[in-house]
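**Student:** what's the 3D shape of this:
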Amino acid sequence: MARSSVALSIGTLALAAIASCVTPPPLPPPPKPPPPVEQAPPPPVRADGRLPALATPVKYALAFEIDPRLPRHKGTTTIEVEIPAKTSHVVLNARALDVTSAKAIAGGVAKTARVTWRAAHGGAGPWPEELVLGFDAALEPGHATLVITYEGPFDDELSGLYRVSDRERWYAFTQFEATGARRAFPCFDEPGYKVPFEISVTVPKGMIAIGNTPEIARDDAGDKTRFRFAPTAPLPSYLVALAIGELEIEELARTQPPVRLVTTKGKTGLGALALEATSGIVDALARWFGIPYPYEKLDIVAVPEFAAGAMENVGLVTFREELLLLDPARASARARRAQAVIIAHELAHQWFGNLVTAEWWDDLWLNEGFATWMQWRVTDLWRPAYGARLDAVTSLHDVMDLDGLASARAVRQPVTSTSEAHEAFDGITYEKGAAILSTIEHWMGPDAFQRGVRDYLTSNAHRSVRADRLLSALDRASGKDVTSMAAGFLDRPGVPQVSAQLECERGARWHAELAQEPWRPLGSKAPEDPSRAWVIPVCVLPQGEKKSTCAELAAGAPSLVAGRSCPGWIHPNAETSYYRFTLSEAELMRLAAGRAQLDVAEKISLLSNAWAQVRAGKLPAKAMLKLLPMFDDETERHVVEQIASILGGMSNVLVQEEARPAFRRFALARLAKRKRDLGWLKKTGESADGDEAILRRAVLTTMGDVAEDDATLREAEEHAARWLADPASVDADTATIALDLSTRHAGAARLDQLLARAREGKTREDRITALRALAGFDDPATFDRAMSSSLSDEIRPHDMRYVLGAAYGRRRARPMTEAWVRAHWDELVKKLPGSLGVALVGAAGVGCSRAELEERAAFYTPRTAKIEGAARPLGQALENVSLCAELRTHGASALTRELLNTDKPKK
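**Tutor:** Here you go, the predicted structure:
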């Protein structure tokens, strides 16, 4: 049997071998792979600066992991979107983030995205800002969810999400307006996208996180804590905000809304004034708008290092800490008033800007112009003694100087890049925007204006809209064509100037023929455009009348105002609307002689317009030597501040050195009695925040810097010595003046004292007083050493504003400052990276000759080309050098002759 098995096996193998020799039929060819699907490229970068309309966000879920002690943070962004049409790409904003994964979930299917980057339109910085997600299988129209994980560095420009070291502890804060949200998380970073956010933040145990909405959960896991916040109302990305660290919270005893002060460790004790102001102002705003505060909570946050002054984030309003944290026993009147005004501004935004948002940055004035207008109004309602409405009048006249430049932009000007968005945060947007609204309110009446605003807010709540919505609401409320009137002021740069020619008729009737033209300073290169004009509401006040006579000065046609009883003079802008006026020298002097009939705003307008006409070449500078003495009996703060400002302008530009002693005596004559009446120190009965302290500062500073009065400088040294020995021994208003003036002739020992106070001052106001005084030295070597000390790490980047601001503002310091900035440019750019470097552009505006203009342009133009937001400020700075040279050439010699002739001693 065994032999038989083997035989069978051999036979089987033989048959298998034979079978293997048979050729099999050919196999069918493999199927050809499908041709590759060619992915269409993403749409090109849009020239208007916006994202391609490939997806619309509906809702965000943001999960942050933030440890301020580490150099980087990470997170996951989940965005529900609507896809309007089939697409293989979605384009978002992100900057300086490392995307670790990205996908889209649609119809229950996850699709991994390819990640590429590209520069946004007009990008000036080193980072691309558009994040392109590409998908092999296209996304169909309908709902989808984007999920992006990422990590990135904390920002070093005090924008986006950044960290701060304060008293050996680390904190993290955010600043997202205008385009900073993309530095913290991938998003559709445009104000037109207004949707809800759900936010969670994981931080080290022992730290807390605060967001826009109330905390709803706090979960510990190991050495970390996760904070979750209630969903927000619809917000644009720029209004999202966070604060992280060992924060302290002081809560006010109120509920509608609840108000809290948030500070870094150990500082809530300085917040009583801020909490009082916030509580009073938010209530006043709710009454004026007729709408309760629209969010669940109101936190005010004192940030130790902050590039902006403040930011209106919904429910988490951030401020530079020196604006919020004031010692009630020692805070200066100026600091108290500045606090009230800036709180009013940011809280006004909660309705105007937050509840209703401008759809794009070309309508930024809709947010900022209105908040500026409202800051004066609501501060006046809350603290009438502050004179905020008259501060608004002064502000109106000041911004006309900027608006009169050939390089000025329109209020409503196209914004097509991040850099242009930064440039829009200027006086044109804020102060001119506010002045236009004030002009509209005067024209249509305050009640109708308020009705129109309320209608606009209730009709557009929680939406992003164009400014036309507001103007249409004002049209309806007033029955006037506000839209057309406003368009001339919004859509073209420049200041209208109205001439008023008074004529008296038989029978004692009078009329004044009105005509308009643009106001332009001497040497302006602004193009002539006679086809464009304004519709100007003009109000003329005649002598002896209590009520002004008004007319609309329309484009291209003169208008008449008329009345009975021929007056000796007229005031051509009795309602302080947004225009300048011109009178002959004789008419101007008659108006000044009748100033007793004028209110404070009209006096400010008279003085400001006279100085504007000097700079336009329509009034000789020597006329100011006749006009200013006519106001020697004026004691009202705003009027005296205007006089001091004009004296400073004349000293800086028109006074030649041979006539300087004579001009110093002229200035001294204007101010000496005021100085005697005010003195250096608060008098019994003066309030801590009264006008006297602010008036004292204007008078004494001008006495020291313009009149260069020896007695004033000696007295300043006495008060400064006391302050340096014990800051609590001198009130803060006096200390600021004294320290600044006494530094003029001080030496190296004073510098060491200032640096010690800048480091060790007990309050931020004390430290800022010392920082400003660093720019006060007249000796070039000491000045250079003082300015160079600001480059050390002991002085924070955002505090450079105080050093540079003081240096740019003083006649003797300006040329030394420009030379110092030039010599230390690389160090300064390192200390002030990115858009912080815009502060350096002020040096380009130092000079008053054609040679200096050419030198400044050659140095600063190439060096500021990559600084976001610097292009327009540079153009304006250089133009100011050119205009200064023209005015000096035109008027300095004649003023010198007049000064020397009139200064002769009387026999």
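**Student:** next, the contact list for the residue nearest to residue 175 when sequence neighbours are not counted, please.
**Tutor:** Closest residue in space to residue 175, ignoring its immediate chain neighbours: residue 159 at 5.3 Å, by Cβ to Cβ, 6 or more residues apart in numbering. For glycine as for every other residue, the C-beta is placed from the backbone atoms N, C-alpha and C. Counting by Cβ atoms under 8 Å, 6 or more residues apart in numbering, residue 159 makes contact with 175, 176, 180, 183, 307, 834, 835.
**Student:** now residue 159. Its backbone dihedrals?
**Tutor:** The phi and psi values for residue 159, taken as degrees, to the nearest 10, are phi -130, psi 170.
**Student:** out of the contacts of residue 159, list just those in strands.
**Tutor:** Among these, the ones falling in strands (DSSP state E) are residue 175.
**Student:** now for the contacts of residue 159: which two are most distant?
**Tutor:** 176 and 834 (14.8 Å; Cβ to Cβ).
**Student:** so which of these two has more stuff around it?
**Tutor:** Neighbours were counted for residue 176 and for residue 834 using other Cβ atoms under 10 Å; residue 176 has more, 25 against 22.
**Student:** ok, and the closest non-adjacent residue to the more buried one?
**Tutor:** That would be residue 238: by Cβ to Cβ, 6+ apart, it lies 4.5 Å from residue 176.
**Student:** contact partners for the nearest residue to residue 142 once chain neighbours are set aside?
**Tutor:** Spatial nearest neighbour of residue 142, excluding adjacent residues (Cβ to Cβ, 6+ apart): residue 83 at 6.0 Å. Contact analysis of residue 83 by Cβ under 8 Å, 6+ apart lists 54, 55, 106, 139, 140, 141, 142, 143, 144.
**Student:** now the buried members of these.
**Tutor:** For these, a burial check counting by 16 or more other Cβ atoms under 10 Å picks out 54, 55, 106, 139, 144.
**Student:** wait, which of those is closest to residue 753?
**Tutor:** Of the buried ones among the contacts of residue 83, the one sitting nearest to residue 753 (Cβ to Cβ) turns out to be residue 55, at 59.9 Å.
**Student:** so the closest residue to the closest one other than its chain neighbours is in which element?
**Tutor:** Using Cβ to Cβ, 6+ apart and skipping residues adjacent in sequence, the residue nearest residue 55 is residue 81, 4.1 Å away. Assigned by DSSP states H and E, residue 81 falls within strand 72-83.
**Student:** sheet-wise, list the partners of that strand with their directions.
**Tutor:** strand 56-65 (antiparallel), strand 142-153 (antiparallel) (DSSP bridges).
**Student:** give me the three-state assignment for residue 413.
**Tutor:** Recorded secondary structure, residue 413: coil (DSSP: H, G, I helix; E, B strand; the rest coil).
**Student:** so the residue nearest to it when sequence neighbours are not counted, which state does it fall into?
**Tutor:** Leaving out its chain neighbours, the residue that sits closest to residue 413 by Cβ to Cβ, 6+ apart is residue 362, at 6.2 Å. Using three-state DSSP, the structure places residue 362 in helix.
**Student:** what segments of the stretch 401-550 of the chain are strands?
**Tutor:** Using DSSP state E, counting those that start in this stretch, the strands found in the stretch 401-550 of the chain span residues 463-465, 495-504, 510-519, 536-542, 549-553.
**Student:** helices or strands up against the shortest one?
**Tutor:** Other elements packing on strand 463-465 under the criterion 3 or more Cβ pairs under 8 Å, 6 or more residues apart in numbering; DSSP states H and E are strand 356-358.
**Student:** now do the strand it packs on: distance to the chain's middle.
**Tutor:** Relative to its parent chain, strand 356-358 has a centroid offset of 17 Å by Cα atoms, centre = their mean, to the nearest Å.
**Student:** and stretch 605-625, by the same measure?
**Tutor:** A distance of 30 Å separates the centroid of the chain from that of stretch 605-625, by Cα atoms, centre = their mean.
**Student:** do the same with stretch 751-762
**Tutor:** 29 Å.
**Student:** can you give me the buried ones in that stretch?
**Tutor:** Judged by neighbour count (16+ other Cβ under 10 Å), stretch 751-762 contains these buried residues: 751, 753, 754, 755, 757, 758, 761.
**Student:** need those residues in TSV (columns: pLDDT).
**Tutor:** Formatted as TSV, the buried residues of stretch 751-762 follow (pLDDT from 0 to 100):
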residue	pLDDT
751	95
753	95
754	96
755	95
757	94
758	94
761	88
